[in-house]
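Colleague: Everything below, folded, please.
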Amino acid sequence: MKNGKTFEEFEAVAAKILGAKLSEYDPWIYRYYHSLQSTAGVKQYVRYLEGKLAFAGVDVKDLVVLDAGCGFGLALVLLGILGAREMHGFDLYDNMVNTIKSYEKLLPEHLAKRLEVERADTSNMPYEDGRFDLVTSIEAISHYLDEDAFLREAHRVLKPGGMLLISDGNNERNPSVRRDTMEIWEAFEQGEVGQQVHGHTIEMPFVKKREQLIREQYPKLDDNAVLALARGTSGMTRDEILEHCDTHLATGELPDGVYERGTIPVDPIKGDVIERLFDPYELAKRIERLGFQARVTGYWGGASGKPHLVAANKALSMLGPLAISTAGEFRIAARKL
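Modeller: Residues are numbered from 1 along each chain as shown. Predicted coordinates:
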């Protein structure tokens, strides 16, 4: 950790935000940041972000930064404590953005005046060309509906020489991650309400969301047609589903997009995906084709500060592709040429 003041300030700010329990908060914030309710957890969170920045070779002091898919925003707050000149973030979910806006008044003035968040889509960022020194995507790219559009937009909004930093736990080269992720996909698409699967709770499977949408929009459709349309529109967003419904009403034709195991599902209402898998080295090549110079590493632990984990992470990271299949998380640092 760079210094004790970083930790102390972040611990105090996080405690104030989480302890306020504002009515405007999305309740998920408490599960999202459950680790920050202990001193050890706060230290680990700080080390974890600092480790990503160290891998990228970035000192954020005086930089203009953007966090794409910023969630509830505490990574942005920490980047501000570390010295970022401006902290910008956006997310697709209103509840997350509204939660950040509600706790802005709790932040020290020197942080609040540098923080700006909004609702936006990663495929169409509302920023001018060359605006940022650093763009981060922290445990977020695996939820983007169109990750290629995000990469193009990241290149556009970065300054020449700016850094794109991606970290994500969906490492396709890791067999256990790949197996668990496919089980998550199947549960989100056609599981049971309340089902628990690898840390996720199924509130409503996507096939049921599509069924509900179709019933609301086409109340005169009979049950058989509704069920067939819901099953046949897997992987589609709201507008695509309604288009198929209109086609069915006009021609009697039913869509054939029935879910197949191993296919990533799409939330028909929110328009995002659940835990997309990535081959880190293939993703790095895609990034480089856009005009970046990229580096890849895995992450095996060490943010807790335990010396043996720190040493093991350093040793494994030196093995590159030979060890990446054992890493739960991958990291990519890509400098815009």
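
Colleague: what's the pLDDT at Leu165?
Modeller: At Leu165, the model reports a pLDDT of 98.

Colleague: likewise Asn3?
Modeller: You'll see Asn3 listed with a pLDDT of 63.

Colleague: Numbering from 448 from now on, please.
Modeller: Happy to do that; since the first residue is 448 now, the last one works out to Asn450.

Colleague: Pro768 against Tyr728, yeah?
Modeller: Yes. Judged on Cβ atoms under 8 Å, Pro768 makes contact with Tyr728 at a distance of 6.4 Å. No exception for glycine: its C-beta is placed from N, CA and C like everyone else's.

Colleague: more crowded one of the two?
Modeller: Comparing Pro768 with Tyr728 by other Cβ atoms under 10 Å, the one with more neighbours is Tyr728, at 15 against 11.

Colleague: So which bits of stretch 463-473 are buried?
Modeller: Judged by neighbour count using 16 or more other Cβ atoms under 10 Å, the buried positions of stretch 463-473 are 464-465, 472-473.

Colleague: Please state the offset of that stretch from the chain centre?
Modeller: How far stretch 463-473 lies from its chain's middle: 22 Å, per Cα atoms, centre = their mean, to the nearest Å.

Colleague: Now do that stretch: distance from first to last residue.
Modeller: End-to-end distance of stretch 463-473 (Cα to Cα, to the nearest Å): 16 Å.

Colleague: cool, stretch 632-650 as well?
Modeller: Stretch 632-650: ends 14 Å apart by Cα to Cα.

Colleague: And that stretch, how far out from the chain middle?
Modeller: 18 Å.

Colleague: With stretch 539-559 instead?
Modeller: On Cα atoms, centre = their mean, the centre of stretch 539-559 falls 18 Å from that of its chain.

Colleague: Please work out the average pLDDT along it.
Modeller: For stretch 539-559, the per-residue pLDDT averages 96.

Colleague: in it, what counts as buried?
Modeller: By 16+ other Cβ under 10 Å, the buried positions in stretch 539-559 come out as 539-540, 543-544, 546-547, 549-551, 554, 558.

Colleague: same thing with stretch 619-635?
Modeller: Result for stretch 619-635 [16+ other Cβ under 10 Å]: buried residues 619-621, 624, 627-629, 631-635.

Colleague: quick one, strands of the stretch 648-784 of the chain?
Modeller: For the stretch 648-784 of the chain, the strands defined by DSSP state E, counting those that start in this stretch cover 739-746, 776-783.

Colleague: so what strands line up beside the first one?
Modeller: Partner strands and pairing direction for strand 739-746 (DSSP bridges) are strand 776-783 (antiparallel).

Colleague: ok, and the closest non-adjacent residue to the most centrally placed residue in the chain?
Modeller: Ranked by distance to the mean C-alpha position of the chain (Cα atoms, centre = their mean), the top residue is Ala587 at 1.4 Å. Counting by Cβ to Cβ, 6 or more residues apart in numbering, Ala587 lies nearest to Gly516, which is 3.1 Å off, once chain neighbours are set aside.

Colleague: quick one: contacts for the one you found?
Modeller: For Gly516, the residues meeting the contact criterion (Cβ atoms under 8 Å, 6 or more residues apart in numbering) are 537-539, 569, 584-585, 587-588, 590-591.

Colleague: which two in those are spaced the farthest apart?
Modeller: The distance between the two most remote of those (Cβ to Cβ) is 14.9 Å, for Leu539 and Ile585.

Colleague: just for the chain, where's the confidence low?
Modeller: Residues of the chain that meet the criterion pLDDT under 70 lie in 448-450.

Colleague: could you redo the last one with a cut-off of 90?
Modeller: Scanning the chain for pLDDT under 90 picks out 448-452, 646, 749, 751-752, 754, 757.

Colleague: Walk me through the domains of it.
Modeller: 451-619+725-783, 622-698 (automatic domain parsing).
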